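Visitor: this is the structure alone, sequence omitted:
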């Protein structure tokens with residue numbers, strides 16, 4: 001086997017692994033627009049740079065049929081590549097969005113790093129592994145929880161970080177609809193995006209009359225959560241500024 005064929009085969013395998021990881025990031029762990037907003041794309045691109053580009057290049061340089069120590073070189077490259085990928089994937093999982101929490105008048109994306117082990121133990125829960133889970137939240141009644149929520153609010157973080165305050169999303173539907181705003185308000189604030197808003201709604205089988213919205217903050221970015229105007233069911237997160 002020539003070095004070019006070996007490098008090409010290595011590239012093909014790495015590309016398949018990379019595309020699989022992209023699908024997991026884009027559709028499961030960081031559903032759009034969270035990957036870009038949270039910054040996971042930077043880690044993903046670094047992983048791709050090492051695994052899809054650098055790995056096959058090293059194979060191209062090191063491979064020579066019949067070369068003494070070739071097996072060791074290839075094993076070393078493979079181990080280094082897999083180690084880098086596992087480290088990157090672990091970093092992506094640690095920083096992943098765990099919950100999309102309804103706060104009544106807005107939504108909050110809760111990162112896995114924002115929930116303490118102590119609170120998980122307290123509530124006997126574990127973080128979701130396969131993408132962010134939609135939840136509702138309740139107003140705290142415990143003094144310690146009230147203090148924590150007040151402290152979090154000072155730095156712009158909502159009560160969704162406290163799993164002891166999580167409730168089923170459906171239980172908040174009335175409150176969510178009460179605070180949801182009509183699509184006409186969104187268009188009035190951003191008339192230049194009116195056609196794009198209509199196009200987004202049509203793509204999801206909704207109209208201005210059958211949908212409402214609430215703001216959602218994802219790190220430093222602000223988007224809108226589109227809601228069914230009757231049930232408060234989440235249609236999706238749309239890339240418009242509230």
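Guide: Received it, and whenever you're ready, just let me know what you need. Not measured: the values here are computed from a predicted model.

Visitor: hmm, which helix or strand of the protein has the shakiest average pLDDT?
Guide: The least trusted helix or strand in the chain, going by mean pLDDT, DSSP states H and E, turns out to be helix 40-48, with a mean of 77.

Visitor: got the phi and psi for the residue nearest the centre of the chain?
Guide: With the centre of the chain defined as its mean C-alpha position, the nearest residue by Cα atoms, centre = their mean is residue 30, 2.4 Å away. Backbone torsions of residue 30, given as degrees, to the nearest 10, read phi -130, psi 70.

Visitor: please identify the buried residues of the least confident helix or strand of the chain?
Guide: Of the residues in helix 40-48, 40, 41, 43, 44, 47, 48 count as buried by neighbour count, 16 or more other Cβ atoms under 10 Å. (Each C-beta comes from the backbone N, C-alpha and C, glycine too.)

Visitor: looking at the residues you listed, which one is closest to residue 110?
Guide: residue 40 (15.0 Å; Cβ to Cβ).

Visitor: just checking, the closest one touches residue 31?
Guide: No - if you go by Cβ atoms under 8 Å, residue 40 and residue 31 don't touch, sitting 11.0 Å apart.

Visitor: for residue 46, which non-adjacent residue is spatially closest?
Guide: Take residue 46 and drop its neighbours on the chain: the residue closest to it by Cβ to Cβ, 6 or more residues apart in numbering is residue 88, 6.3 Å away.

Visitor: does that neighbour touch residue 48 like I think?
Guide: No - Residue 88 lies out of contact with residue 48 (Cβ under 8 Å); the separation is 9.1 Å.

Visitor: next up, the contacts around the nearest residue to residue 193 once chain neighbours are set aside.
Guide: Among residues not flanking residue 193 along the chain, residue 240 sits closest, at 6.0 Å (Cβ to Cβ, 6+ apart). Residues near residue 240 by Cβ atoms under 8 Å, 6 or more residues apart in numbering: 186, 190, 193, 196, 197, 200, 223, 224.

Visitor: nearest to residue 52, of those residues?
Guide: For the contacts of residue 240, the residue nearest residue 52 by Cβ to Cβ is residue 223; the value is 29.9 Å.
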